[in-house]
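Visitor: Sequence isn't available, so here's the structure alone:
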């Protein structure tokens, strides 16, 4: 036996249409047992519809969904081995915390002592021990979410579905819950499937991310692969911030390539592209991968760059915009070609931002392995 | 102003301004003075009941001993109770149906369901009179079946009120709660019992109170649908007043007022005033 990951959810050629609108378009994807899977996409891309089809609240127009090998066609939501944490949490307002958490167990016919034990255990798990008799209207949004989590986890589902779990929380609490959710997932070992439009949330929590665009899977990858090796312009642009330039492939050898971009000039790469010569392609460059020279520092680097054109790329421009964000400063620079490029620079010392001002002439460089060539 | 003068009156603290207090006082007098006069004169020791002649409780004894009046009161309470229960079930089901499902002619049902509220009572009364005559409704049944015609008429104009308050309550229902319950294994019926009913409970209490009081004091429709043996309290009082307004009528009315106040108080206590307020 190899330890190939075992899929707990298999989505096979699933299409969902609402009237003429296609929300999910022929999606096939496997979610492995025990992983933290995130469906990431802009609003209206079909990711929530996909989640609701797994839960059974929507039925696929075409295709099928298998959970733990079992076809879910014709199985209503109340009979599926999955539980969901809703965006609004949907905590029952007329029941105490303990009654909320016990609700599913009572429906399932669990009795007496066991109900109490499992409720207590679930509440401890989400750090709500001692809140049993509270009513939901006496709790904060974050606490209510924990109730919703406990209410689902107490059922010991095969898969826990979370619909935009952190969107209603404030920034600090959201960051904390990201860690807690990952921790919780590791502790209980249940497969988590989360839907979100927030790339930070996805990158920080997921084992794997499925990026959804217009009802289709745009890319399926680990967080770091998604960020560093985006498969297409949509993913590059949606996950993180990026500069994209259109260009033509002029040189393509196994260990080097060059792209002629009207906006950026000639871009050298230290690897082959295996694309058609002269084809229209795109070069994506992340703002943090561009090194901005303090005025005056550029000359020395340029001298070095000219000696080794394979190792570095070089460009010049004028600062048109600056926004100081504390940890980093974002620059918008107008290149000599007239195109604009975004560059971020970490503020490593306390006075770093004072080195630059509007309309400064600056130069910058980036490594030949930094740009990503996108064919689509 | 030394008594109130702890802190200056803030711009929006209308309840602490003099003119607002006077206005509220005037409204209270306008609303409740007639009722209080009625109650005071129920203790008047005078048959003609125009000027105060001294305190007595004998008209209470007289009212309680008036079999016809007591029978009318019992009839009224019975009809109100039956109409309330039927209206609650019918009204709540109609509201949930209109909110939850799509069905043929839904628009027509939606548009006409509140018609009994809009149609002038006198028209409804005449309509019922003709209807019961046309179907040859039996009038010689034993109590309480002889109240059937009136009860049916009362249900007709009571249940739209229940539908109205329940629907407005349903509008604030979060459908994710329903889905959450299903997700946890609940069947449609369990969702209805455990999630939907608790949500609309304040509206049900409000609807019940409305139905009960509407039924209890209805005169016009009842007048047209009551037979010789099925006199209700308002109809009876009307026939008594036609001769003279005796303190006996006042006494009976006072008892009825106290009864409704107590019932309302119990209902509010049961439900919590806050929950009732939420429905509005």
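Guide: Received the coordinates, thanks. Since we're looking at a predicted model, the values are computed, not measured.

Visitor: Tell me the secondary structure at the residue in the stretch 201-350 of chain A that chain B sits nearest to.
Guide: Proximity to chain B, evaluated over the stretch 201-350 of chain A using C-beta to the nearest C-beta, is greatest for residue A:201 at 20.1 Å. Placement of C-beta: from N, CA and C, glycine included. Under DSSP: H, G, I helix; E, B strand; the rest coil, the three-state class of residue A:201 is helix.

Visitor: Model confidence for it, exactly?
Guide: pLDDT for residue A:201: 89.

Visitor: which residues touch stretch B:116-134?
Guide: B:149, B:153, B:156-157, B:159-161, B:164, B:218, B:220-221, B:223-225 (C-beta atoms under 8 Å, 6 or more residues apart in numbering or on different chains).

Visitor: The helix or strand that residue B:181 is a member of - contacts with which helices or strands?
Guide: Using DSSP states H and E, residue B:181 sits in helix B:175-183. Where contact means 3 or more C-beta pairs under 8 Å, 6 or more residues apart in numbering or on different chains; DSSP states H and E, helix B:175-183 is packed against strand A:82-85, helix A:141-153, helix B:188-191.

Visitor: give me the low-pLDDT residue ranges for the stretch 1-150 of chain B?
Guide: B:1-5 (pLDDT under 70).

Visitor: Next up, the contacts around the residue of the stretch 201-350 of chain A closest to chain B.
Guide: A:38, A:166, A:174, A:178, A:194.

Visitor: Also near chain B: which of these, exactly?
Guide: For chain B, no contacts are drawn from the contacts of residue A:201 by C-beta under 8 Å from any C-beta of the partner chain.

Visitor: which ones among those residues are found in strands?
Guide: Among these, the members found in strands (DSSP state E) are A:38, A:194.

Visitor: And the furthest pair within the contacts of residue A:201?
Guide: A:38 and A:174 (14.5 Å; C-beta to C-beta).

Visitor: the more surrounded of the two?
Guide: Using other C-beta atoms under 10 Å in any protein chain shown as the criterion, residue A:38 and residue A:174 rank with residue A:38 on top: 28 against 17.

Visitor: Ignoring the adjacent residues along the chain, who's closest to the more buried one?
Guide: Sequence neighbours aside, residue A:206 is the residue nearest to residue A:38 in space, at 3.8 Å (criterion: C-beta to C-beta, 6 or more residues apart in numbering or on different chains).

Visitor: Look at the one you found and say how many residues are nearby.
Guide: Residue A:206 has 23 nearby residues by other C-beta under 10 Å.

Visitor: Point out the residues in the stretch 1-150 of chain A that sit beside chain B.
Guide: A:55, A:57, A:76-79, A:82-84, A:86-88, A:90-94, A:103-104, A:107-108, A:148.

Visitor: switch to 7 Å and redo it
Guide: Proximity of the stretch 1-150 of chain A to chain B (C-beta under 7 Å from any C-beta of the partner chain) is limited to residues A:55, A:57, A:77-78, A:83-84, A:86, A:88, A:90, A:92, A:94, A:103-104, A:107-108.

Visitor: returning to what we had before: which of the contacts of stretch B:116-134 count as buried?
Guide: Neighbour-count burial (16 or more other C-beta atoms under 10 Å in any protein chain shown) applied to these gives B:149, B:153, B:156-157, B:159-161, B:164, B:218, B:221, B:223-225.

Visitor: distance between the helix or strand hosting residue A:100 and the chain's centre?
Guide: Element membership of residue A:100 [criterion: DSSP H and E] is helix A:97-107. Mean-position distance between helix A:97-107 and its chain equals 33 Å (C-alpha atoms, centre = their mean, to the nearest Å).

Visitor: for the next helix or strand after it, which positions count as buried?
Guide: Downstream of helix A:97-107, the next assigned helix or strand under DSSP H and E is helix A:112-125. Of all the residues in helix A:112-125, those buried under the rule 16+ other C-beta under 10 Å are A:115, A:118, A:119, A:120, A:122, A:123, A:125.

Visitor: What are the contacting residues of helix A:112-125?
Guide: A:98, A:101, A:102, A:105, A:106, A:129, A:131, A:132, A:150, A:153, A:154, A:184 (C-beta atoms under 7 Å, 6 or more residues apart in numbering or on different chains).

Visitor: and if we set it to 6 Å?
Guide: By C-beta atoms under 6 Å, 6 or more residues apart in numbering or on different chains, the surrounding residues in contact with helix A:112-125 are A:98, A:101, A:102, A:105, A:129, A:150, A:153, A:154.

Visitor: and what of stretch B:70-77?
Guide: So stretch B:70-77 is contacted by B:216, B:231, B:232, B:233, B:236 (C-beta under 6 Å, 6+ apart).

Visitor: so the last one is in which element?
Guide: What it means is residue B:236. Using DSSP H and E, residue B:236 falls in helix B:233-241.

Visitor: Also the second one?
Guide: Using DSSP H and E, no element contains residue B:231; it sits outside every helix and strand.

Visitor: Any figure for the gap between whichever residue of the stretch 101-250 of chain A sits closest to chain B and residue B:194?
Guide: Going by C-beta to the nearest C-beta, chain B is nearest to residue A:104 of the stretch 101-250 of chain A, at 3.4 Å. As defined by C-beta to C-beta, to the nearest Å, residue A:104 lies at a distance of 11 Å from residue B:194.

Visitor: Looking at the two, which has the bigger crowd around it?
Guide: Neighbour totals were compared for residue A:104 and residue B:194, and residue A:104 leads with 23 against 20 (other C-beta under 10 Å).

Visitor: Next, count neighbours for the closest residue to the more buried one other than its chain neighbours.
Guide: Closest residue in space to residue A:104, ignoring its immediate chain neighbours: residue B:184 at 3.4 Å, by C-beta to C-beta, 6+ apart. Residue B:184 is flanked by 28 other residues according to other C-beta under 10 Å.

Visitor: can you check residue A:361 too?
Guide: 12.

Visitor: For it, give the beta-bridge partners.
Guide: With DSSP bridges applied, residue A:361 shows beta-bridge pairing to residue A:318.

Visitor: With the one 5 residues further on instead?
Guide: Listed by DSSP bridges, the beta-bridge partners for residue A:366 are residue A:313.
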